[in-house]
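> With the sequence up front, the predicted model follows.
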Amino acid sequence: MSILLVGLEGALVETLGERLLSAGDEVRILVTAQQDDDRYRHAGLHVAKGRSLEDDDLVERAAQNVRTIVVGELPREHLSAVLKGARAAGVGRVISVVSTPSAVHSELLEASPFEYTILVVGRTLIGRKPKLSVASIAAAIDAADDLAEGLRTQLVLNAKGSWDVLRLPMPARQERPGRPL
C-alpha cells in the first residue's frame, strides 16, 4: 500500500517511514523547496518536491495510487489544497496529526468524502515537553491506517479509550524525553 506524508518533518517522518517501510508499504513525502529532501531519500522514502502545499495539482500528482495521506498541522489554505488534490487522485483515507483539537481540520475533513482519523497528540508537536514519544505517535498513525473502512473520527491520544480503538496499549507518558520532532 502507498502512503503520502504531507506537512510532517523530522524524527516523526523518519520513525514513521521506517515503520511503514518495514511493513512493506511504499512511503512518499511531499516537501517544499525549502526543506532538505536528501535525509528522506536516504531513509528510503519517495520524495515529491514542490513550491507550496497550496498547489493541489502537485498533491494530486504525488498522491497517484496512494490509499492514505497523513497530514500534519497545516493552515486552512494548505489543508484545503491537499484535500482537493487527494480527492482528484482518488485517495480514500486521511489521517490528520495535530497537537490540539483543530476546528480547521475537523471542519474540512467532516465536509470531505474521505474516511478520516484525527489524532490529537498533545503538545508534542509544538516543541513543549513531550507527553508521547515519536515512536508512540508513529505506532498510532500506523494503527489508524488499519482501522475499519468508513471511519470518520477524532482520537485524543491521552485517553485510554483512543488507544483501545487503535487496538494498542496506552504508552507511558514521556517514553523518551527531549527528542524533537
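It's in.

> mind saving the C-alpha coords of the helix or strand containing residue 15 as PDB?
Taking DSSP states H and E as the criterion, residue 15 maps to helix 10-22. The C-alpha trace of helix 10-22 is given here as PDB (Å, rounded to 0.1, in the frame of the first residue of the first chain):
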ATOM      1  CA  GLY A  10      12.000  15.400  11.300                       C
ATOM      2  CA  ALA A  11      12.100  12.400  13.600                       C
ATOM      3  CA  LEU A  12       8.400  11.700  13.200                       C
ATOM      4  CA  VAL A  13       8.800  11.200   9.400                       C
ATOM      5  CA  GLU A  14      11.900   9.100   9.900                       C
ATOM      6  CA  THR A  15      10.400   6.900  12.600                       C
ATOM      7  CA  LEU A  16       7.000   6.600  10.800                       C
ATOM      8  CA  GLY A  17       8.800   6.000   7.400                       C
ATOM      9  CA  GLU A  18      11.000   3.200   8.900                       C
ATOM     10  CA  ARG A  19       8.000   1.600  10.500                       C
ATOM     11  CA  LEU A  20       5.900   1.700   7.300                       C
ATOM     12  CA  LEU A  21       8.700   0.600   5.000                       C
ATOM     13  CA  SER A  22       9.500  -2.400   7.200                       C
END
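
> Need the contact partners of whatever helix or strand residue 119 lives in.
Per DSSP H and E: residue 119 is located in strand 115-120. By C-beta atoms under 8 Å, 6 or more residues apart in numbering, the residues outside strand 115-120 that reach it are 92-102, 105-106, 109, 137, 140-141, 144, 147, 149-157. Where you see a C-beta, it was placed from the backbone N, CA and C, and this is true even at glycine.

> Out of these, list just those in strands.
93, 94, 95, 96, 97, 98, 152, 153, 154, 155, 156 (DSSP state E).

> could you point out which element follows the lowest-mean-pLDDT helix or strand in the chain?
Counting by mean pLDDT, DSSP states H and E, the weakest-scoring helix or strand in the chain turns out to be helix 38-42, with a mean of 86. Moving toward the C-terminus from helix 38-42, the next helix or strand (DSSP H and E) is strand 46-50.

> So which bits of that next one are buried?
Across strand 46-50, burial judged by 16 or more other C-beta atoms under 10 Å covers 47, 48, 50.

> The least confident helix or strand of the chain - contacts with which helices or strands?
Secondary-structure packing of helix 38-42 (3 or more C-beta pairs under 8 Å, 6 or more residues apart in numbering; DSSP states H and E): helix 10-22.

> I'd like the next helix or strand past the helix it packs on.
strand 26-32.

> Show me what that following strand packs onto, helices and strands only.
strand 2-6, helix 10-22, strand 46-50, helix 56-62.
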